[in-house]
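Novice: everything below, folded, please.
(one chain, ligands or ions: 1)
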Amino acid sequence: MENVIIIGTGCAGWTSAIYTARANLNPLVLAGEQPGGQLTTTTEVENFPGFPEGVIGPDLMMRMQQQAEKFGTRVEYDMVTSVEKTEDGNFTLKTAGGNDYQTKTVIIATGASPRHLGLSNEKELIGRGLTSCATCDGAFYPDVPVVVIGGGDSACEEADFLTRFASKVYLVHRRDELRASKIMADRVLANEKIEPVWNSQVTEYLTDSEGHMCAVTLNNTVTGESSELNVKCVFVAIGHDPNTGFLKGSGVDVDENGYILQSSHSTSSNIEGIFSAGDVADHVYRQAITAAGNGCQAALDAERYVAAKEA
Ligand code: NAP
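Specialist: Sure thing, here's the model as predicted:
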């Protein structure tokens, strides 16, 4: 019987592991399909406190893992497929590898995955002019034109933020009306550096001789016409999907978009003993540092839960 199983190895998962390991809970981390989480798909991280020269995303995650392992965290690479509360108040986790794990408490830190368009070369372009995070990567594209894809609050927020760096921001939206809240939409439409490109879908990412983004092909959804736009970076902001599919049938409450609902004063879910941390429960902040902070909170909550259970 484990004290705590942490599902996920992004900033939230590793921080939970560091804290529960230092609390002598001997945590087990189950790593999923993308070990290291979203930061492994970024290059330089300039806004994580403590790294004035910046830090490479995958390096930061490796250091967090080393720190967690230094205090006794164990890691296994096995996808969790279900979480079930047992009659004795503990939990059984089943995995794709055919294993069953018993644990007193669970911290879910499986993150959220940014949606992409599904174009053929997008995997190679991530970090080479294709990204989903303006806060992370906007500063790398000063004085050049960039594209933001989407028409929601995220797209508007990204476009607005990018005007600090880019020479021009094209906001490419598949309809002729933004979905974003009125205040965000008004702000974006009033910004002279942002040019909306209505009724348009990006159908191709074009690259230069070094494999970096240099242009996109657009298809007009009304006229069917095709055109090209020269840009150095594309920010995709068409939504995120929280990685909570495996919780189907677990009884854990999620909101209408699939994000885990935390209680108003802790990281507890509606099921006692199941906690969550990071982007899997946060569609607002979505930063490495907020995920890490939430991971610390979940660890402290889990530690208190285990202590109370054993008292
Ligand atoms: P969203 O509201 O779901 O908007 C996604 C946008 O992407 C929509 O405009 C949608 O177009 C477009 N889109 C979806 N799939 C597409 C595709 N395959 N090709 C092209 N375009 C596509 O997502 P979000 O902007 O990430 O926001 C998610 C939630 O977080 C919302 O509730 C939002 O209000 C909230 N949020 C709030 C803030 C804030 O308050 N500061 C900031 C960010 C997000 P259509 O409009 O045609 O469907």
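
Novice: for the protein, which residue is closest to the average position?
Specialist: Centre of the chain computed as the mean C-alpha position; nearest residue by CA atoms, centre = their mean is Ala112, 4.1 Å away.

Novice: which residues does that residue bridge with?
Specialist: Beta-bridge pairing for Ala112 (DSSP bridges): Pro242.

Novice: count of neighbours near the residue of the stretch 51-200 of the chain found nearest the ligand?
Specialist: In the stretch 51-200 of the chain, no residue comes nearer to the ligand than Gly152, which is 2.4 Å away by CB to the nearest ligand atom. C-beta here means a position set from N, CA and C on the backbone, and glycine is covered the same way. Residue neighbour count, defined by other CB atoms under 10 Å, stands at 18 for Gly152.

Novice: look up the closest residue to it, ignoring the ones flanking it.
Specialist: Arg179 (4.7 Å; CB to CB, 6 or more residues apart in numbering).

Novice: put the alpha carbons of the helix or strand where Val29 lies into PDB.
Specialist: Following DSSP states H and E, one finds Val29 within strand 28-31. What follows is strand 28-31, C-alpha atoms only, in PDB (Å, rounded to 0.1, in the frame of the first residue of the first chain):
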ATOM      1  CA  LEU A  28       5.400   7.000  -6.200                       C
ATOM      2  CA  VAL A  29       5.200   9.000  -9.400                       C
ATOM      3  CA  LEU A  30       3.500   7.500 -12.400                       C
ATOM      4  CA  ALA A  31       4.600   9.200 -15.500                       C
END
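
Novice: that one: which residues count as buried?
Specialist: Leu28, Val29, Leu30, Ala31 (16 or more other CB atoms under 10 Å).

Novice: quick one: contacts for Ala237?
Specialist: Ser132, Ala134, Val148, Ile149, Gly150, Gly152, Ser154, Ala155, Glu157, Glu158 (CB atoms under 8 Å, 6 or more residues apart in numbering).

Novice: contacts only, for the first one.
Specialist: In other words, Ser132. Ser132 neighbours (CB under 8 Å, 6+ apart): Pro114, His116, Phe235, Val236, Ala237, His240.

Novice: I'd guessed the fourth one sits against Leu119; true?
Specialist: Which is Val236. No. Val236 is beyond contact range of Leu119, at 10.0 Å (criterion: CB atoms under 8 Å).

Novice: which of these two has more neighbours?
Specialist: A side-by-side neighbour count of Val236 and Leu119, using other CB under 10 Å, places Val236 first with 24 against 17.

Novice: other residues contacting the lowest-mean-pLDDT helix or strand in the chain?
Specialist: Least confident helix or strand, the chain: strand 44-45 with a mean of 80, by mean pLDDT, DSSP states H and E. With contact meaning CB under 8 Å, 6+ apart, strand 44-45 is reached by Leu39, Phe51, Gly54, Val55, Ile56, Gly57, Leu60, Cys136, Phe140, Ala288.
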